[in-house]
Structures are given as C-alpha cells and as structure tokens.
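>>> Provided below are the primary sequence and the corresponding predicted coordinates.
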Amino acid sequence: MNFFKAGLSILFSLFVLQVKAQSDTLNIKSYAEQVMIRLNLDTNLEKYILSQGKNDKIELSINNKTRTSVSVDYRVISATISFSPQFIPGNNEDDLKGKSSYTDLSFRFFPKRFIQNIYYKKVKGFYVENMKDFIPDWKETDAYLQFPDLKVLSFGGTTSYVLNKNFSAKSIYTHSEWQKKSSGSWIPYLDYDVSFFTNTINEVKNKEVQYKIGGNMGYFYNCIIKDKVNIAPYLSVGLGGQFSSSTEENKKKENEQFVTLRMEGGLHVGYNSEHLLFGARMSFKTYTYQKNQEAVENNNLYGLIYLGYRFAPPRVVKNTYDKVQKKIPVL
C-alpha cells in the first residue's frame, strides 16, 4: 500500500508533565480534561550552507516531504500517525533529488513555569541545491548531485523559564490551554545537543561528532483578538560554543572548538473555541560558526497547518485513564 510506502509512524510525540490537571485561572482557561483530535499538514526544510566568500558556497538540502498526520491528545498523552502522500507536489521528486528521510521525536514538559524539551532527530540523504553555481547550463529537469549516505543524528534539548506567570506557553505549543488576555514574556533558555555526522564517499567513511551548548534570550507575545483569535510572534538570539572531533576510516583526524551564533523565531496564528480550533504556524532556526576561512550555517524552516476538535472523553476512556493514573501517578 502507498500509505505504508510513504511511511507510517506511530509515536508518542509530546508529553505534558504536571502533577495534576490545571484548573482555570483569571488569565488562562484549561482544556486538560478534554480529548482533542487534530489533523496536521506540516513540512520541514533542512539545509547546510558551507561558504567561502559570496561566490563560493555549497548548499546541501534534503528532499523534503510534506507530511499529513492525525493526532489524538488526552491529558498528558499524545499519539500521532503520519505519512507523506505522493499526490502532494514535491513529494515525488526522488528521481531528481534522491531519497531523503526525516525523523523527529520530541517530549515537552511544563513543570510550573519551566519548559523542558527533549528531542531526537535523524536526517539522511542530501542533494546539492545550487547546481547552477557549478554547472551554468544545468536545468531544473536535470538530476542534482546527491549524497545519499550523508546522515545527521542529533540528541538534545532546551531548558526554558517563563518570566511572566500570566503567559501561557501551552496555548501555543499544545493547545491544551487558552490565554484569555494578551500578554508577553521574556523567556531565557539553555540549548544543548550532540550530533553525529556520517558519510561514505568512494568507500571512505567519514565521521564527525559535534557537542553544542548555548545561552539564549527570547521574547514571546500572545495577542488575543476578540477572545477567539490569537497572533503569537517570537524571536530569540543566543551565543554558545561547539566542540567537534572528526575521523576518517576510524583514524583520529582533528579536534576543533568554535563560537556559535543562534537565532530562532516564528509566528503562530490561530482560532480557538470551546470545541473547534484551527490555525497555522511557521518557525525558523539557524546557527552559524566560522571554520578556518569557511562559514558553516545550518537552517531549518518548519511550517504547520492544523484543524482540531475537542470533546468530553468517553466514560470508558476516562475511567481507564483514572485507573492507570493511580498506578502511575505522573500521568
């Protein structure tokens, strides 16, 4: 079946950690006791840019797929089924750009005013996007130069603290709350990860391990329009360090240290009612550092369109969850 060829992933993508369900406050309404079903359409653009001056650069991108997913949320549990339909434009260009795979798994916790995010990401299969810079008469119907064995495996996280107690991060990230009044907050956070880059060219294996850590400061604002519409932009900048070691055919090659610059931002626009919700989100992440005379930049662009519906949980679901919660209090 095409459904399975496109990829079927059943995963637990988001956990909201809280000792007990939050109740409504003066500024925030909670939907923790309702079931939410959401249809999502999302896309990830991952790119690495290596440049020496303005006219000497290579752009490595993945053959991106637009994914469709259905998620079901109840209290702290979220389950998602996703796949990449071939009929969507851009999802059937493997002959020109090669095959790419993109897998990500994230867990987000909200202990009081902290936000703890932990993630895993695996990207494999890149192609050279700026072919015209190397072959002037190259056409878009020609095949791209491909690196099918280039793989990036990352484990990391962020630890954030919301300075304004009247700002609801859940109303943007998980839709399990709704912020009643417009409010913003400065949010300082620490980011950290380890990434493994592997590639094989002419049967020669190369590997690089990167450790990154950085401090960031961001400002998030949630503007509420006529009680049911919100516009939430954010922007953050950060400074950090990167430590890397690379090997070729299991022989130690070199160890290096770099200063990294990071910027992240985005915009969320949504509609929310007691039962119906829908909206769109766009975000970008970029970090860069200087390696010898070369600038290295990693960019990620994420887009999401969603449509959701909330309803009271069936009695059998609520009773089953309550029984499990007695044995596993963290739920």
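Yep, that arrived.

>>> OK, contacts around the closest residue to Gln146 other than its chain neighbours?
Closest residue in space to Gln146, ignoring its immediate chain neighbours: Gly98 at 3.9 Å, by Cβ to Cβ, 6 or more residues apart in numbering. Yep, even glycine has a C-beta here, placed from its N, CA and C like the rest. Gly98 sits next to 63, 125-127, 144, 146-148 when contact means Cβ atoms under 8 Å, 6 or more residues apart in numbering.

>>> distance of Gly98 from Phe126?
For Gly98, the distance to Phe126 (Cβ to Cβ, to the nearest Å) stands at 8 Å.

>>> quick one: common contacting residues for these two?
With Cβ under 8 Å, 6+ apart, Gly98 and Phe126 have common neighbours 146-147.

>>> columns secondary structure and neighbour count on top of the contacts of Gly98, output as JSON lines?
Converted to JSON lines, the contacts of Gly98 look like this (DSSP: H, G, I helix; E, B strand; the rest coil; neighbours: other Cβ atoms under 10 Å):
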{"residue": "Asn63", "secondary structure": "coil", "neighbour count": "20"}
{"residue": "Gly125", "secondary structure": "strand", "neighbour count": "19"}
{"residue": "Phe126", "secondary structure": "strand", "neighbour count": "27"}
{"residue": "Tyr127", "secondary structure": "strand", "neighbour count": "23"}
{"residue": "Tyr144", "secondary structure": "coil", "neighbour count": "19"}
{"residue": "Gln146", "secondary structure": "strand", "neighbour count": "17"}
{"residue": "Phe147", "secondary structure": "strand", "neighbour count": "17"}
{"residue": "Pro148", "secondary structure": "strand", "neighbour count": "14"}
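
>>> as a markdown table, these with pLDDT would be great.
Formatted as a markdown table, the contacts of Gly98 follow (pLDDT from 0 to 100):
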| residue | pLDDT |
| --- | --- |
| Asn63 | 87 |
| Gly125 | 91 |
| Phe126 | 93 |
| Tyr127 | 92 |
| Tyr144 | 92 |
| Gln146 | 92 |
| Phe147 | 92 |
| Pro148 | 91 |
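
>>> tell me where the longest helix sits in this protein.
As assigned by DSSP state H, the longest helix anywhere in the chain is helix 315-327.

>>> which other residues reach that helix?
Contact with helix 315-327 is made by 35, 74-75, 313, 331, as judged by Cβ under 8 Å, 6+ apart.
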